[in-house]
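Novice: Predicted model and sequence below, questions to follow.
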Amino acid sequence: MLNQQSVVPLETIERRIFVLRGHKVMLSTDLAELYEVEPRSLVQAVKRNIDRFPDDFMFQLAESEFDNLRSQSVISSWGGHRYPPYAFTEQGVAMLSSVLNSKRAVRVNVEIMRAFVQLRQILSSHEDLARKLDALEQKYDLQFKAVFDAIRELMAPPEAPRRRIGFHTAE
């Protein structure tokens, strides 16, 4: 296996992965930039091979989604976008390398696939951490229950005073 230099830094790719409609996606405008092709060329290649891109591989953003991303400064509010970009899921990105006939597209896709895998691993480790935290909270809740019970006992009003035994004098 050749140890090749990264075509695109992993951090650059990770910053361009968004969650839309419950899917981790990359936008066609970002992908075109990474592949060093015009966005319209990328979209044309996809449309020529539309049967390779079912709805779970690719979808076009709604105007509201596009406006929301634009307001978050993900997409420039000015520029040459007439239509909202397309969003490609991991499977859609993988399919792109088969419709874009360039060595760069293949190499960039390898980097993108690695980024998606790393993202999945990070999310998985966060889920494990969340489960462990839940277990600790339950464990400590039981331990703190004893502390709270002791505090409640101290806060309870004292019992009625007992009657003293023996000789009593009035004071």
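Specialist: Everything's here; your move.
Novice: in this structure, which spans are strands?
Specialist: Along the chain, the stretches classed as strands by DSSP state E are 18-20, 23-27, 58-60, 86-89.
Novice: Which of these sits closest to Gln5?
Specialist: strand 23-27 (21.6 Å; CB to CB). Every residue, glycine included, has its C-beta placed from N, CA and C.
Novice: In stretch 84-94, which residues are buried?
Specialist: By 16 or more other CB atoms under 10 Å, the buried positions in stretch 84-94 come out as Pro84, Pro85, Tyr86, Ala87, Phe88, Thr89, Glu90, Gly92, Val93, Ala94.
Novice: contacting residues for the fifth one?
Specialist: If you count contacts by CB atoms under 8 Å, 6 or more residues apart in numbering, Phe88 has them with Val25, Met26, Leu27, Ser28, Leu31, Phe53, Phe57, Met58, Leu96.
Novice: Now with 7 Å, please.
Specialist: Val25, Met26, Ser28, Leu31, Phe57, Met58, Leu96 (CB atoms under 7 Å, 6 or more residues apart in numbering).
Novice: Could you dump those into a markdown table with neighbour count and distance to Phe18 added?
Specialist: A markdown table is the format used below for the contacts of Phe88 (neighbours: other CB atoms under 10 Å; distance: CB to CB, whole Å):
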| residue | neighbour count | distance to Phe18 |
| --- | --- | --- |
| Val25 | 23 | 6 |
| Met26 | 24 | 7 |
| Ser28 | 24 | 12 |
| Leu31 | 27 | 12 |
| Phe57 | 19 | 16 |
| Met58 | 21 | 14 |
| Leu96 | 27 | 17 |
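Novice: Closest to Leu10 out of those residues?
Specialist: Met26 (13.5 Å).
Novice: who's that closest one bridged to?
Specialist: Here Met26 sits in beta bridges with Phe88, going by DSSP bridges.
Novice: Relative to Ile112, which of the contacts of Phe88 is nearest.
Specialist: Nearest member of the contacts of Phe88 to Ile112, counting by CB to CB, is Met26, at 7.0 Å.
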